[in-house]
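Engineer: this is a predicted model, with the sequence first.
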Amino acid sequence: MAHKTVADVVVETLQAAGVKHCWGVPGDTLNYVTDAIRRSKIEWVHVRHEEAGGFAAGAEALLTGNLTACAGSCGPGSLHFINGLFESHRNRAPVVLIASQITSDERDFDFPQEVDFESIYKSCSVFCSEIRSPAQAHRKTAMAAQAALAKRGVAVLILPVDISQAAAPNEPAFTVHRASPVVRPSDTELDRLADLLNSGKKIAIYGGSGCHGAHDEIVALADKLKAPVAHTSRAKDFLEYDNPFNVGMTGILGTAAGYHTLMNCDTLLLLGCDFAWRQFYPDKARIAQVDLDPTHLGRRHPVELGMAGDIKETVAALLPRLKARTDRAFLDDCLERHTKAAATLDKRASLSDGKINPQYLARLIDQHADEDAIFTADGGSPMVWLLRHVAVNGKRRTLTSLTHGTMANAMPQALGAKKAFPGRQVISMSGDGGLAMLLGDLLTAIQEKIPIKIAVFNNSSLGFVEMEMKVEGLLDAYTNLVNPDFSRVAEAIGFHARRVERAEDLDAAVKDWLAQPGPALLDVVTSRLELVMPPRIEAGQVFGTALYSAKALLGGRGGDVWDLVTENL
């Protein structure tokens, strides 16, 4: 009977911890690991670029809450995961990377493909350590998996090839534990919070991703306080639906109603919210914050009260301490503004003569997608169109790159989501720049039989970057993209694919694209000059855009200025 190797122990431990898929590219120092996976119940998913594997594993882990693995060979193999795993880590997705390493005897001699993974991955992981002997394998793998699940982030196991192929000694039966403690503030803290809220006149609630699972409690809280509920973009899935107190997002991606709510309240309750842009917090309101992570309290803006707790448990314990309010003046004003803001957005999301507005494509996708569809969107303008024009209902999920802000995330995250939920429709809203960056992993969808649906917002530019340049008063430069016909490229790979250039053809094309049983791509030529309008236009933005217009006119680009004005105003 063949002896059990360290690689076997690592794979068996991860399988026992709940890993179902391992995303990666095989390579020499990883051979014993892939052989162990071949003999296990874990399914290997062969990507074409490790960065895509990092995105995919993170999407699977985030949406399921379960541990997902990825694995790479020494040197450039495991190094390629870095951006996909940085995204996954900042999304708080429990992922474990097996980073195989050159043989131990050659370490520290500048051996070919030698990379110090520990120093590189320390900044984007909750656990990063090398298995230095066969006797460490079981315990260290269990601790890596437990850290990823408990701290919700990336764990990195560095595994030298000589260790992976070594015989595994008998070790104690280390297992991975998933603790679920109930965490809430003390009674004294809750009483102080209740006193602060009971004394407020214009109370607002601002919820973040920490509100996951607390929808009903927060709606009950808003009802009792007659408080409008604004939310971060990451909390869209959890607070937007079935919420008569919802006033949308604030920040650059938000709307006028969310911005007005936060800027004009006298009492603000932050729930599971770590929104980074300080200029969107009120200067004079009394602010209280509840977050599961105590290190987040008051780190974005000074707060009067800060307390640690799970949002669902904290709000449930807070509700009996609050006085029911009847004054709806502030609430109704904010809700009316939200209705007007939504109507303004809808005007751009309609059929119009000439060019295709990207908002119209997003709205059609929303209308024809399944009620439990999962949507991903590339960083940049596709992310904005998803957040503004795709409705959630408690069943749908959305995933974008919000804290890391990377390009090229949508398509590989869709691969991970579809692998996790094979029975659900998964839609990638890809920018042309983002899709092109990891275009090779369209092959993964075909090879691994992952039937995702990809819509390309094809405006032949890095549109969000171009807009930022104009707002800053700069002439746009180096943002032009010379694209292929993405539908023909995808068709050659094996996708069902179609290109749409006329707005009147789009509705039928979206229906047909979503109805395809296998991987399908829709290449849509959208207006290049469509602006992402912020909730409040600052004087500096007006001046910057005017300065851009003047420079463009002087530089002989008057047609660009005319198109910008006519298409947006």
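Structural biologist: Ah, there it is.
Engineer: so who does residue 454 touch?
Structural biologist: Counting by Cβ atoms under 8 Å, 6 or more residues apart in numbering, residue 454 touches 411, 414, 427-428, 430, 435, 442, 490, 495, 519-522. All C-beta atoms are positioned from the backbone trio N, CA, C, and that covers glycine.
Engineer: can you tell me which of the residues you listed end up in strands?
Structural biologist: Mapping these onto strands (DSSP state E) picks out 427, 428, 430, 520, 521, 522.
Engineer: what's the closest residue to the fourth one other than its chain neighbours in contact with, if anything?
Structural biologist: Distances taken as Cβ to Cβ, 6 or more residues apart in numbering put residue 496 closest to residue 520, at 4.3 Å, once the chain neighbours are dropped. Contact analysis of residue 496 by Cβ under 8 Å, 6+ apart lists 513, 516, 518, 519, 520, 521.
Engineer: the fourth one against residue 447, yeah?
Structural biologist: No: applying Cβ atoms under 8 Å, one finds residue 519 not in contact with residue 447, separated by 10.5 Å.
Engineer: which of these two has more neighbours?
Structural biologist: Legend: neighbour count by other Cβ atoms under 10 Å for residue 519 and residue 447, higher for residue 519 (23 against 15).
Engineer: which ones are touching that one?
Structural biologist: Contact analysis of residue 519 by Cβ under 8 Å, 6+ apart lists 442, 445, 446, 450, 451, 452, 453, 454, 494, 495, 496.
Engineer: for it, which non-adjacent residue is spatially closest?
Structural biologist: Nearest non-adjacent residue to residue 519, counting by Cβ to Cβ, 6+ apart: residue 445, 4.4 Å away.
Engineer: what's the helix or strand for that neighbour?
Structural biologist: Assigned by DSSP states H and E, residue 445 belongs to helix 442-447.
Engineer: picking up where we left off before, now, of the ones in strands among the contacts of residue 454, which are buried?
Structural biologist: Buried residues within these, defined by neighbour count using 16 or more other Cβ atoms under 10 Å: 427, 428, 430, 520, 521, 522.
Engineer: closest one of those to residue 503?
Structural biologist: residue 522 (13.7 Å; Cβ to Cβ).
Engineer: which residues touch that closest one?
Structural biologist: 453, 454, 455, 456, 487, 497, 498, 500, 509, 510, 513.
Engineer: what's the burial count for the last one?
Structural biologist: One way to gauge burial is a neighbour count; for residue 513, by other Cβ under 10 Å, it gives 23.
Engineer: show me where pLDDT drops low in this protein?
Structural biologist: Scanning the chain for pLDDT under 70 picks out the ranges 1-2, 467, 469-471, 530-569.
Engineer: center of it, which residue is that?
Structural biologist: Geometric centre of the chain, nearest residue: residue 400, 3.4 Å, by Cα atoms, centre = their mean.
Engineer: shouldn't it be in contact with residue 381?
Structural biologist: No: taking Cβ under 8 Å as the definition, residue 400 is not a contact partner of residue 381, at 11.3 Å.
Engineer: ok so residue 422 is a strand residue?
Structural biologist: No: counting by DSSP: H, G, I helix; E, B strand; the rest coil, one finds residue 422 to be coil, located in no strand.
Engineer: number of nearby residues for it?
Structural biologist: Neighbourhood size, residue 422 [other Cβ under 10 Å]: 11.
Engineer: quick one, helices of the stretch 151-300 of the chain?
Structural biologist: Taking DSSP state H, counting those that start in this stretch, the helices of the stretch 151-300 of the chain run over residues 161-164, 187-198, 215-225, 236-239, 256-264.
Engineer: over to the stretch 1-150 of the chain?
Structural biologist: With DSSP H, counting those that start in this stretch, the ranges of helices along the stretch 1-150 of the chain come out as 6-16, 31-38, 50-64, 76-79, 82-90, 117-121, 137-151.
Engineer: now the fifth one, how far from the centre of its chain.
Structural biologist: Between the centre of helix 82-90 and the centre of its host chain there is 10 Å, according to Cα atoms, centre = their mean, to the nearest Å.
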